[in-house]
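Asker: Need a 3D model of the sequence below.
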Amino acid sequence: MGRFNLIDDKWIEVLVNKKGDKQLVGLRDIFLNSDSYLDISGDMNIQDFAIMRLILAIMHTVFSRFDASGDVYEEIEINDKMQQVEAVDDEDYEYYEEHLLDTWKDLWNNKNFPEIVLDYLDLWHDRFYLYDDKYPFFQVTEEYISVDRIKGKKVGDISGKTINRTITESNNKIALFSPREEKNKNILKNDEIARWLITFQAYTGLSDKTVYGKEKYKTRNSKGWLYDLGAVYFKGDNLFETLMLNFVIVNTKNKHYSYNIQNPSWEFRDSELIDSYLNYMPIDNIAQLYTVYSRAIYIDPKFDDSEEFTMNLIKLPEVSHEDNFLEPMTVYRYNTSGDYKEKYTPRKHPSNQSMWRSFGQITMEYENLENSKNNNRQKRPGIIDWLAVIHKEIDYDRITVNALSLEDDGNATSWVPTNEIYDSMPLAIDLLTEDIEDGWTQRIFKLIEETKKIINQVYGNYLRYISKIRGLEKSDFVDKEIEKIYFLIDKPFRDLIESIEADDDSDIIEDEWRKTLKNIVYNQGSKLFEEAGNRDYALVKIDGELINVVIAFNRFKAILNNLLERRDSEKRK
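Answerer: So this is what the prediction gives:
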């Protein structure tokens, strides 16, 4: 008999008011009362994101089959387990898509979820037990962790202090500044285990060793699908709105994904899931992607949460990263070399960089845009395309865009998590949905690129001169000083972008920013000049020229003034 059911038992931490009060709820509570909760608010942002996608997988499954009134779409057939029997016929695609969009609009206008979601969860109730010997949630049974299946190798295991990403401590390396005492590091209560299990399947790493069979997989081992994403998603005024804003019921750019049968992991036996992973079966639907396993995990069904937690695990092959546009919530990189040459792959957000520095990657899609990078190609996240579809329905003037990644240690043999990268910005919806060649989106992108050029090249060259004059070439002097400038301009530039409205005068705003940027960069350059010592005034031969701090500073001033004045002159023409 199963124990601790994720539908009925309390395990999801939600924020209930702006004072910061939280409570634990189950999936049933989420679908009954999501409009009463402000947000999911667990141990980490990556945990909240992984749990949100689980909830979205339920929504994609149910509302790909039933409309907001609980009726089956006329284009499909449903069996007694509320599963879609066959794929949508080609000639019905247009009608089915219209019905899906109507369902989204009806749900949004109703401001809550219909009974059909609870009916579905009740029918699949036995698949949501955390502890079970037949259908353990997000796990496999003991049979699939047996020595026979791994050809005599040792079965991998992992402790509570390792899957708890607020600690991420192995038995070989103690985590500094742990939020828990040593004696309690491996103690996890049932609700914590449920949250961290879902998070671990999404953000795993490669520190464990065991695989199925004797040979390596044909593809790389999975680090967890979310581990490689530079996640982009929206936040609404309450949890219901957040879920709906991220509920991409129609893939607007790759519509064939919208017509595929939704196959969440809980609708399959562990034997079916493991066989599909080991046979590299493609994932073609969003519910399956949102619930994909990175590991075959086994937790003893008799486990008592008063004891130290441990679980067994076996690596699985990774989900294909190549041009995988089924995923709507990531920024992309266009690869000009390597294994994925001339293909797009998910790209993590850079550490220590504010979201506005990746504005173009989040908001723009182009080929052969003048002065662009990545071989003049850029694909924006599908969630931004989705916003363009629904923005007239939601009646928002501004929307909060969130960016999230899990930073790793850079060790390709382990990919141990080291830091959570998180940022958010409220933006005018028109900035994200406009379709004007010279609109605000492109103007902001060009302004950001100009800002980067002034910092990285104009100011950066000045720093490199000082570095050579002082004999600091082998130090991180230049990088640190550049990051100081980015820190100084971060708030004013963030405030600028967040304040923009579609009908603002772009010329005035751009001029104001250039003046602000010039003052910040010039003042910081002047500070370095004023701090110069006697050694800095001595002439040093650099690239065939005799340079000292005075020459370097005057050159920096001239280039800075000429560049910004030329911009102003070009605009006046």
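Asker: Now residue 365. Nearest residue, chain neighbours left out?
Answerer: residue 380 (4.5 Å; Cβ to Cβ, 6 or more residues apart in numbering). From N, CA and C alone the C-beta is placed, and that goes for glycine too.
Asker: got the contact list for the residue positioned nearest the centre of the chain?
Answerer: In the chain, the centroid-proximal residue (Cα atoms, centre = their mean) is residue 231; its distance is 1.5 Å. By Cβ atoms under 8 Å, 6 or more residues apart in numbering, the contact list for residue 231 reads 49, 329, 330, 349, 402, 403, 404, 405.
Asker: Then residue 391?
Answerer: Neighbouring residues of residue 391 by Cβ under 8 Å, 6+ apart: 429, 432, 433.
Asker: Next up, phi/psi of it, please.
Answerer: phi -60, psi -30 (degrees, to the nearest 10).
Asker: one step back: which of the contacts of residue 391 fall in strands?
Answerer: Secondary structure assignment by DSSP state E places none of the contacts of residue 391 in strands.
Asker: Stretch 196-215: end-to-end distance?
Answerer: Start-to-end span of stretch 196-215 (Cα to Cα, to the nearest Å) is 30 Å.
Asker: Now do the buried residues in it.
Answerer: By 16 or more other Cβ atoms under 10 Å, the buried positions in stretch 196-215 come out as 196-208, 210-212.
Asker: With stretch 394-413 instead?
Answerer: Residues of stretch 394-413 classed as buried: 394, 396, 399, 400, 401, 402, 403, 404, 405, 406, 408 (neighbour count, 16+ other Cβ under 10 Å).
Asker: that older thread, which one of the contacts of residue 231 sits closest to residue 11?
Answerer: Lowest distance from residue 11 to the contacts of residue 231 (Cβ to Cβ) belongs to residue 49, with 16.1 Å.
Asker: So that closest one versus residue 239, what's the distance?
Answerer: Residue 49 sits 13 Å away from residue 239, going by Cβ to Cβ, to the nearest Å.
Asker: quick one: the helices in the stretch 51-200 of the chain?
Answerer: Residue ranges of the helices in the stretch 51-200 of the chain, as given by DSSP state H, counting those that start in this stretch, are 93-110, 115-123, 160-163, 190-202.
Asker: Dump those to CSV, plus distance to residue 135 and mean pLDDT.
Answerer: Below are these laid out as CSV (distance: least, Cβ to Cβ, whole Å; pLDDT from 0 to 100):
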stretch, distance to residue 135, mean pLDDT
helix 93-110, 29, 97
helix 115-123, 13, 98
helix 160-163, 21, 83
helix 190-202, 14, 97
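Asker: Distance to residue 313 for the ones you listed - can I get that in CSV?
Answerer: Converted to CSV, those look like this (distance: least, Cβ to Cβ, whole Å):
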stretch, distance to residue 313
helix 93-110, 37
helix 115-123, 27
helix 160-163, 10
helix 190-202, 9
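Asker: closest one to residue 141 among those helices?
Answerer: Comparing these against residue 141 with Cβ to Cβ, the closest turns out to be helix 190-202 (15.2 Å).
Asker: helices and strands around the closest one, which ones?
Answerer: Judged by 3 or more Cβ pairs under 8 Å, 6 or more residues apart in numbering; DSSP states H and E, helix 190-202 is in contact with helix 45-63, strand 129-131, helix 160-163, strand 295-298.
Asker: redo that, cut-off 10 Å
Answerer: When contacts are defined as 3 or more Cβ pairs under 10 Å, 6 or more residues apart in numbering; DSSP states H and E, helix 190-202 sits against strand 3-5, strand 12-15, helix 45-63, strand 129-131, helix 160-163, strand 295-298, strand 310-315.
Asker: May I see the buried residues of the third one?
Answerer: Within helix 45-63, the residues that count as buried by 16+ other Cβ under 10 Å are 45-63.
Asker: Same check on the fourth one?
Answerer: Within strand 129-131, the residues that count as buried by 16+ other Cβ under 10 Å are 129, 130, 131.
Asker: With the second one instead?
Answerer: By neighbour count on 16+ other Cβ under 10 Å, the buried set for strand 12-15 is 12, 13, 14, 15.
Asker: where does the chain have its least confident helix or strand?
Answerer: Lowest mean confidence among the helices and strands of the chain (mean pLDDT, DSSP states H and E): strand 366-367, at a mean of 71.
Asker: overlap in contacts of residue 49 and residue 239?
Answerer: Common contacts of residue 49 and residue 239 (Cβ atoms under 10 Å, 6 or more residues apart in numbering): residue 40.
Asker: Can you verify my assumption that residue 539 contacts residue 547?
Answerer: Yes. With contact defined as Cβ atoms under 10 Å, residue 539 and residue 547 form a contacting pair (6.9 Å).
Asker: Those two: which has the busier surroundings?
Answerer: More neighbours surround residue 547 than the other of residue 539 and residue 547, with 17 against 12 (other Cβ atoms under 10 Å).
Asker: So what touches stretch 512-531?
Answerer: Residues from elsewhere that reach stretch 512-531, judged by Cβ under 10 Å, 6+ apart: 444, 447, 450-451, 454-455, 458-459, 462-463, 466, 481, 484-485, 488-489, 492-493, 496-497, 536, 549-550, 552-554, 556-557, 560-561, 563-565, 567-568, 571.
Asker: one more time with 7 Å, if that's ok
Answerer: Outside stretch 512-531, the residues that touch it by Cβ atoms under 7 Å, 6 or more residues apart in numbering are 447, 451, 454-455, 459, 462, 466, 484-485, 488-489, 492, 496, 549, 553, 556, 560, 564, 567.
Asker: out of the residues you listed, which are inside helices?
Answerer: Mapping those onto helices (DSSP state H) picks out 447, 451, 462, 466, 484-485, 488-489, 492, 496, 549, 553, 556, 560, 564, 567.
Asker: Nice, that's everything, thank you.
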